[in-house]
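Colleague: Sequence and predicted structure, then a few things I'm wondering about:
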Protein chains: 2
Amino acid sequence: MTGLFSALPKEVSVYEVSPRDGLQNESVTVSTEGKVELVNALVDAGLQRIEVASFVSPKWVPQLADGEQLLHLLPRKAGVVFSALCPNMQGLERAKSARIEEIGVFLSASETHNKRNINKTIAETLALFRELVPAALANNIRVRGYVSTVWGCPYEGDVDPRRAIDVAAELFKFGCYEVSLGDTIGAGTPLQTRSILMLFKDAFGSFDRLAMHMHDTRGTALANCLVGLDLGVRTFDAAVGGMGGCPYAPGAAGNLATEDLIYMLDKMGVSTGIDLDKLWKAGKVASSVVGRALPGKVHQAGPGFVRKG
Amino acid sequence: MTGLFSALPKEVSVYEVSPRDGLQNESVTVSTEGKVELVNALVDAGLQRIEVASFVSPKWVPQLADGEQLLHLLPRKAGVVFSALCPNMQGLERAKSARIEEIGVFLSASETHNKRNINKTIAETLALFRELVPAALANNIRVRGYVSTVWGCPYEGDVDPRRAIDVAAELFKFGCYEVSLGDTIGAGTPLQTRSILMLFKDAFGSFDRLAMHMHDTRGTALANCLVGLDLGVRTFDAAVGGMGGCPYAPGAAGNLATEDLIYMLDKMGVSTGIDLDKLWKAGKVASSVVGRALPGKVHQAGPGFVRKG
């Protein structure tokens, strides 16, 4: 039949970002041991791609200063890939010494956010990645690209999707194996998502190498992912517990909560290889290591809904 | 074109339930003056149907014991309809003396939930409504029906949608002008929603007299509403701030937050007659009168997303 859910995928890939995107935006600094405990719980739940660290300057992100030490302590497991954000050549040196399999490079679709976030113009950032991505590949480190503010910029408002497409095209040209499109401020809505994704599909032929990275700031993350799923997107970023909310707004949502995504996908018969019960426990570890209640809905309500007695 | 959003409606109706479904599930009892302040703020934001009270026994719901007094104090405005839940003939007497235009009658699609919630079998409840609904209509009080646990029962698990359809059919037969289908425990997911709604459409010919009443316990409420919207549902229940979460789970979500729904609909070009900025302020009144942070996402993040400076 035609229409909604006419071609639901049998399986999708979930890319876990809580140890990086989550912890980076928490006000506390979690101990390296706490991070190991969290990542181990995520691996145990079945997650196979996990962004665990950032090799940006510890001056800017002190919460993640222990990247090399963390990667040294983390047990490696066949089939599980750890990644770290990497802004420049110094970062790549750290990635190499940490023996990491994958790095992430990131920039924004909007000039003002890029400037404020990484203190460079988009053109300057791309010039840097033109060297960095091939250098990583030459060291057998694969590279994932991130484009921020695709659904809106906190400084410029609406963003022309063609700017995001141009940036993504450059990242592919440099050698990124996948590009993750970010709704950095969680402003996105379903019709907009459909429109953005259709433009991306036109530009790149399919969604095979594109991911959605939605924040749940306005409660629309799952609805937007549903639109993506319906259109053919097969990779979704999420953070356990919905970690990463602004520490100055208690309870405010950050990343799409992995548990909420998996709950929905499980009930729709879409396989992810992730065990929701174990994932829910990993969320409890996350809440424990950051020392606060996390905003994820399934995280709070529990993985099942039938009461005993 | 075919597919998702091929026939988005120009406008939908939002039915506000925070003063009843919300406050009933808050641990504190809000003063009558606080309720007046909340309802006035909701009316000011443009809401035209608001469930403000419940005429169940004050013994069971002490938070809402002041229904008549509240309705006496509330300024009436042309085009705005207040309603109250009404379980039986005693409730109808209270509704009449409160000069209310609409009552709501409610039962569950699952036997165990019905028994635990209203201490009657479904058959006994229907027998009662067979008298109650015509008696209300004879007094120029229109009647809205609610069917709970359509998406799942906390005691029985999955619920056969045909049981919900049978119950809804009875409510229409008695004279209800509209029936609201409730995901009482927020268990619903999009594919299930599509399947349930298609069965309802087959049974009743259209969605003209059906509403969706989703709880956001697992973060799926908005995604489920999106499916309903795509299929032709035109009435959605919601509670400002996402009020109504379990008081024993801080931050846990209750009803779908009206602000989140309106944010999504606004950005999709679907008109509701509701002013999001004013609604957001009404949510702040709600948070203030219940004395706790509410879980709604837009409630927490604010109605806009572009920063100054």
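Modeller: Yes, it's here. In this text, all values refer to a predicted model and were calculated from it rather than measured experimentally.
Colleague: if you go through the stretch 51-200 of chain A in chain order, where are the strands?
Modeller: A:81-85, A:102-108, A:142-148, A:178-183 (DSSP state E, counting those that start in this stretch).
Colleague: partner strands of the third one, parallel or antiparallel?
Modeller: Paired with strand A:142-148 in the same sheet, following DSSP bridges, are strand A:102-108 (parallel), strand A:178-183 (parallel).
Colleague: Using a markdown table, please lay out those together with mean neighbour count and mean pLDDT.
Modeller: Any C-beta I mention is one placed from the backbone N, CA and C, and that applies to glycine too. Conversion of these to a markdown table gives the following (neighbours: other CB atoms under 10 Å in any protein chain shown; pLDDT from 0 to 100):
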| stretch | mean neighbour count | mean pLDDT |
| --- | --- | --- |
| strand A:102-108 | 25 | 98 |
| strand A:178-183 | 26 | 97 |
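Colleague: For A:Ser13, find the nearest of those.
Modeller: strand A:178-183 (9.5 Å; CB to CB).
Colleague: Can I get that closest one as PDB, trimmed to CA atoms?
Modeller: Extracted C-alpha coordinates of strand A:178-183, given in PDB (Å, rounded to 0.1, in the frame of the first residue of the first chain):
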ATOM      1  CA  GLU A 178      28.800   9.200   6.800                       C
ATOM      2  CA  VAL A 179      27.400  12.600   7.600                       C
ATOM      3  CA  SER A 180      25.100  13.200  10.600                       C
ATOM      4  CA  LEU A 181      22.600  16.100  10.200                       C
ATOM      5  CA  GLY A 182      22.000  17.900  13.500                       C
ATOM      6  CA  ASP A 183      19.000  19.700  14.900                       C
END
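Colleague: Contact residues of the stretch 201-309 of chain A facing chain B?
Modeller: A:216-220, A:222-223, A:225-227, A:230-231, A:249-253, A:257, A:260, A:263-264, A:267-269, A:293, A:295-298, A:300-301, A:305-307 (CB under 8 Å from any CB of the partner chain).
Colleague: Please narrow those to those residing in helices.
Modeller: A:222-223, A:225-227, A:230-231, A:260, A:263-264, A:267, A:297-298, A:300-301 (DSSP state H).
Colleague: between the residues you listed, which is closest to B:Thr235?
Modeller: Looking across these and measuring by CB to CB, the closest to B:Thr235 is A:Ala223, at 18.2 Å.
Colleague: Report the contact partners of the closest one.
Modeller: With contact taken as CB atoms under 8 Å, 6 or more residues apart in numbering or on different chains, A:Ala223 is in contact with A:189-190, B:222-223, B:225-226, B:264.
Colleague: what separates it from B:Val227, distance-wise?
Modeller: As for A:Ala223, its distance to B:Val227 is 9 Å (criterion: CB to CB, to the nearest Å).
Colleague: Could you tell me how many residues sit around A:Phe204?
Modeller: By other CB atoms under 10 Å in any protein chain shown, 16 other residues sit near A:Phe204.
Colleague: do A:Ala53 as well
Modeller: By other CB under 10 Å, neighbour count at A:Ala53 equals 33.
Colleague: Hmm, it is touching A:Leu85, no?
Modeller: Yes: the pair formed by A:Ala53 and A:Leu85 meets the contact definition of CB atoms under 8 Å, at 7.4 Å.
Colleague: Tell me the residues that contact both of these two, please.
Modeller: A:Arg20.
Colleague: Hmm, A:Gly91 and A:Val56 touching each other?
Modeller: Yes: A:Val56 is within contact range of A:Gly91, at 6.7 Å (criterion: CB under 8 Å).
Colleague: anything in contact with each of those two?
Modeller: A:Leu85.
Colleague: Report the contact partners of A:Glu111.
Modeller: A:121-122, A:156.
Colleague: Helix, strand, or coil at the closest residue to A:Val30 other than its chain neighbours?
Modeller: Leaving aside its sequence neighbours, A:Val30 sits nearest to A:Val289 (CB to CB, 6 or more residues apart in numbering or on different chains; 4.8 Å). Secondary structure, DSSP: H, G, I helix; E, B strand; the rest coil: A:Val289 is helix.
Colleague: related to what we said a few turns ago, possible to save the strands paired with strand A:142-148 as JSON lines with distance to A:Leu73?
Modeller: Formatted as JSON lines, the strands paired with strand A:142-148 follow (distance: least, CB to CB, whole Å):
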{"stretch": "strand A:102-108", "distance to A:Leu73": "18"}
{"stretch": "strand A:178-183", "distance to A:Leu73": "26"}
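Colleague: what helix or strand does the residue nearest the centre of chain A sit in?
Modeller: Of all residues in chain A, the one closest to the mean position by CA atoms, centre = their mean is A:Asp237, 4.0 Å from it. Following DSSP states H and E, one finds A:Asp237 within strand A:235-238.
Colleague: measure A:Leu8 to chain B for me?
Modeller: 7 Å (CB to the nearest CB, to the nearest Å).
Colleague: did I read that right, that residue in a strand?
Modeller: No: assessed with three-state DSSP, A:Leu8 is coil; it does not lie in a strand.
Colleague: for it, what are its contacts?
Modeller: A:229-230, A:268-270, B:191.
Colleague: Farthest pair within those?
Modeller: Most distant of those, by CB to CB, are A:Asp230 and A:Gly269, 14.1 Å apart.
Colleague: Please identify which of the two sits among more neighbours.
Modeller: Legend: neighbour count by other CB under 10 Å for A:Asp230 and A:Gly269, higher for A:Asp230 (25 against 12).
Colleague: Tell me who's in contact with that one.
Modeller: So A:Asp230 contacts A:4-5, A:7-8, B:3-4 (CB under 8 Å, 6+ apart).
Colleague: what does A:Ala98 give?
Modeller: A:53, A:55, A:67-68, A:71-72, A:84.
Colleague: got it, and A:Thr125?
Modeller: By CB under 8 Å, 6+ apart, the contact set of A:Thr125 is A:107, A:114, A:118.
Colleague: Could you list the low-pLDDT ranges of the stretch 1-150 of chain A?
Modeller: A:1-3 (pLDDT under 70).
Colleague: Kindly indicate which of the contacts of A:Ala223 lies nearest B:Phe200.
Modeller: B:Cys225 (14.7 Å).
Colleague: quick one, what contacts the closest one?
Modeller: B:Cys225 sits next to A:223, B:212, B:214, B:233, B:236, B:256, B:261, B:264 when contact means CB under 8 Å, 6+ apart.
Colleague: can you put those in a markdown table and add pLDDT?
Modeller: What follows is the contacts of B:Cys225, written out as a markdown table (pLDDT from 0 to 100):
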| residue | pLDDT |
| --- | --- |
| A:Ala223 | 98 |
| B:Met212 | 98 |
| B:Met214 | 97 |
| B:Val233 | 97 |
| B:Phe236 | 98 |
| B:Leu256 | 97 |
| B:Leu261 | 98 |
| B:Met264 | 98 |
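Colleague: of the residues you listed, closest to B:Leu128?
Modeller: Of the contacts of B:Cys225, the one sitting nearest to B:Leu128 (CB to CB) turns out to be B:Met212, at 25.2 Å.
Colleague: what's the helix or strand for that closest one?
Modeller: According to DSSP H and E, B:Met212 maps onto strand B:210-214.
Colleague: In PDB, please show the C-alpha coordinates belonging to that strand.
Modeller: This file holds the C-alpha atoms of strand B:210-214, laid out as PDB (Å, rounded to 0.1, in the frame of the first residue of the first chain):
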ATOM      1  CA  LEU B 210     -13.200  11.200  17.200                       C
ATOM      2  CA  ALA B 211     -10.400  12.800  19.200                       C
ATOM      3  CA  MET B 212      -6.900  11.500  20.300                       C
ATOM      4  CA  HIS B 213      -6.000  11.900  24.000                       C
ATOM      5  CA  MET B 214      -2.400  10.900  24.300                       C
END
